[in-house]
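In: okay, predicted coordinates and the sequence, questions at the end:
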Amino acid sequence: MKKIFVMFVFSLIVVAAFADGDFKISWNSSEVVLKEYLGDDCEVEIPDGVTHIGFMAFYNNKNIEKVIFPDGVVSIGSLAFSNCSNLREVYLPKSLLSIEGGAFHKCENLSCINIPKGVSKIGYTAFSGVDAVAIDFDDDNSYYIMEDGVLFSKDMTFLHSVLDRSVSSFDVPSTVSALGEWSFAGCENLESISLPEGLTQIGQAAFDGCKRLGELLVPASVTFIGESAFSGVPSRAIKIDSKNEKYIIVDEILFSKDMSILCSVLNKDILSFSMPDSVVQVGNAAFSNCKSLEEISFSENVTHIGDTAFYNCVGLKSITLPNKVTRIGNDSFRGCKSLVSFKIPKSVKSIGDRAFLNCDGLTEFLVYRSSYGYKWAKTNKLNFKIVK
């Protein structure tokens, strides 16, 4: 086992660090971050003085089997130990406050990890793929509780995640008002589920990949459904209670109740689509991964194209946006490899980051002189043609 000692001058900042080459560490006046582990030991003791384990610090390390943390570590970053498939023992310090998303994702052989009483934040998919039996919560933790392989908030109002991905049926307790992001994701054997009246929120990708679900009835009480909440669920299995005042499903499309927002296409195999005139907003990820979609006709009233709205629609050959569109979101047409040209309406005032990334066939933008699209194409040094 190799050790490293980080030395401090207790005035304003950390002024020195000594290492034997196995640890990459950065620091400032308030924190010391272990950025990356470079060694190949089976047993690793985190250096004294470290306060944060950084993003992907031990990612995909196949040698590590045991990790010991010093007191003083307050957070474990996203994906910090993800894919450490031989990791078996983790001893977390009493000082720990947060475990970020995916921190121990796919640590499938983990047999022992303690969650101290001070941990008040556990990110989504933090323990995805970990056997629930391996996770031991301090009895005095006032934020979380594990019941039958399911992680809840202490008061049982928030269902954080189902750790037993082999579950075939599940009744969500009547106390639960919210399902967390990715909470049932990857439960490929889940065939039936009962959601309680009183449930108000279904988080992003909550049922992603639940491909065997026979029926999923969304209660009347639900007021929020996150993007891609039902991705991979058979489209005909998803039902909305007729008394729900926020959402409605029409022809396997999830809309807001007044049909002004197109929330999600539930049948990802559609070839073409004509949008109702009532639609003014295409929601985030609404058509994401509709790989067979070749053509779409927009409502003339659409003003907003959400983030990742048409992400990875690889078969989409042409797009004609209506003249009222003001925003094209982040990653909105990313991966639309069959697009050849794209006309940006005069009305557009904002184009998000990576909106057309990996559109391999897109060779030309059609823009109006002095418009936002013209300035955007010119600033980004893209090939464009001015239209009248």
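Out: That came through, no problem.

In: for the chain, just list every one of the helices.
Out: 372-379 (DSSP state H).

In: domain map for it?
Out: As assigned by automatic domain parsing, the chain contains the domains 1-142, 148-245, 258-388.

In: state the pLDDT value of the closest residue to Val90 other than its chain neighbours.
Out: Leaving aside its sequence neighbours, Val90 sits nearest to Ile113 (C-beta to C-beta, 6 or more residues apart in numbering; 4.2 Å). All C-beta atoms are positioned from the backbone trio N, CA, C, and that covers glycine. With respect to pLDDT, Ile113 scores 95.

In: could you do Gly21 as well?
Out: Gly21 carries a pLDDT value of 71.

In: ok, it touching Glu36?
Out: No - look at Gly21 against Glu36 with C-beta atoms under 8 Å: they stay out of range, at 11.4 Å.

In: so for the two, which residue has more residues nearby?
Out: A side-by-side neighbour count of Gly21 and Glu36, using other C-beta atoms under 10 Å, places Glu36 first with 16 against 9.

In: who's the more buried one bridged to?
Out: Lys24 (DSSP bridges).

In: and it, how far is that from Thr175?
Out: Distance, Glu36 to Thr175, by C-beta to C-beta, to the nearest Å: 42 Å.

In: endpoints of stretch 139-155, how far apart?
Out: 14 Å (C-alpha to C-alpha, to the nearest Å).

In: just use 119 as the starting number from now, easier for me
Out: Sounds good: first residue 119 from here, last item stretch 257-273.

In: and it, what's buried?
Out: Residues of stretch 257-273 classed as buried: 259, 262-264, 267-271 (neighbour count, 16 or more other C-beta atoms under 10 Å).

In: now stretch 406-422
Out: 406-408, 411, 414, 416-417, 419-420, 422.

In: which of the residues you listed fall in strands?
Out: Counting by DSSP state E, the buried residues of stretch 406-422 place 414, 422 in strands.

In: please, where are all the strands along the stretch 369-506 of the chain?
Out: Under the criterion DSSP state E, counting those that start in this stretch, the stretch 369-506 of the chain contains strands at 371-374, 379-383, 390-392, 399-400, 413-415, 422-423, 445-446, 459-461, 468-469, 482-486, 502-505.

In: what's the closest of those strands to Glu183?
Out: strand 379-383 (42.2 Å; C-beta to C-beta).

In: helices or strands up against the closest one?
Out: strand 371-374, strand 399-400 (3 or more C-beta pairs under 8 Å, 6 or more residues apart in numbering; DSSP states H and E).

In: go again with 6 Å.
Out: For strand 379-383, the elements it packs on are strand 371-374, judged by 3 or more C-beta pairs under 6 Å, 6 or more residues apart in numbering; DSSP states H and E.

In: who does the strand it packs on pair up with?
Out: Its sheet considered, strand 371-374 pairs with strand 365-368 (antiparallel), strand 379-383 (antiparallel) by DSSP bridges.

In: return the most buried member of those.
Out: Comparing these by mean neighbour count (mean count of other C-beta atoms under 10 Å), strand 379-383 comes out on top with a mean of 24.

In: what's the local residue count around the nearest residue to Cys230 once chain neighbours are set aside?
Out: Closest residue in space to Cys230, ignoring its immediate chain neighbours: Glu207 at 4.8 Å, by C-beta to C-beta, 6+ apart. Residues lying near Glu207 (other C-beta under 10 Å) number 15.

In: kindly state the beta-bridge partners for the nearest residue to Ile343 once chain neighbours are set aside.
Out: Nearest residue to Ile343, sequence neighbours excluded (C-beta to C-beta, 6+ apart): Ile320, at 4.9 Å. In this structure, Ile320 bridges to Leu297, Ile343 when assessed by DSSP bridges.

In: next one: Ile469
Out: Beta-bridge partners of Ile469, as defined by DSSP bridges: Ile446.

In: report the separation between it and Ile446.
Out: 5 Å.

In: looking at these two, which is more packed in?
Out: Ranked by neighbour count (other C-beta under 10 Å), Ile469 and Ile446 place Ile446 first, with 26 against 19.

In: surely that one touches Lys467?
Out: No - contact criterion C-beta atoms under 6 Å: Ile446 and Lys467 do not qualify, at 9.6 Å.

In: list residues touching both of the two?
Out: Here Ile446 and Lys467 have no joint contacts, going by C-beta atoms under 6 Å, 6 or more residues apart in numbering.

In: tell me the two of the buried residues of stretch 257-273 that are most distant?
Out: Asn259 and Gly267 (17.1 Å).

In: determine which of the strands of the stretch 369-506 of the chain approaches Ser360 most closely.
Out: strand 371-374 (14.1 Å).

In: could I get the average pLDDT for that closest one?
Out: 98.

In: CA atoms only: put that strand into CSV for me.
Out: Extracted as CSV, the C-alpha positions of strand 371-374 are listed here (Å, rounded to 0.1, in the frame of the first residue of the first chain):
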residue,chain,number,x,y,z
ILE,A,371,-47.6,10.9,-28.3
LEU,A,372,-47.3,12.5,-24.8
PHE,A,373,-48.6,16.1,-24.8
SER,A,374,-49.5,18.7,-22.2
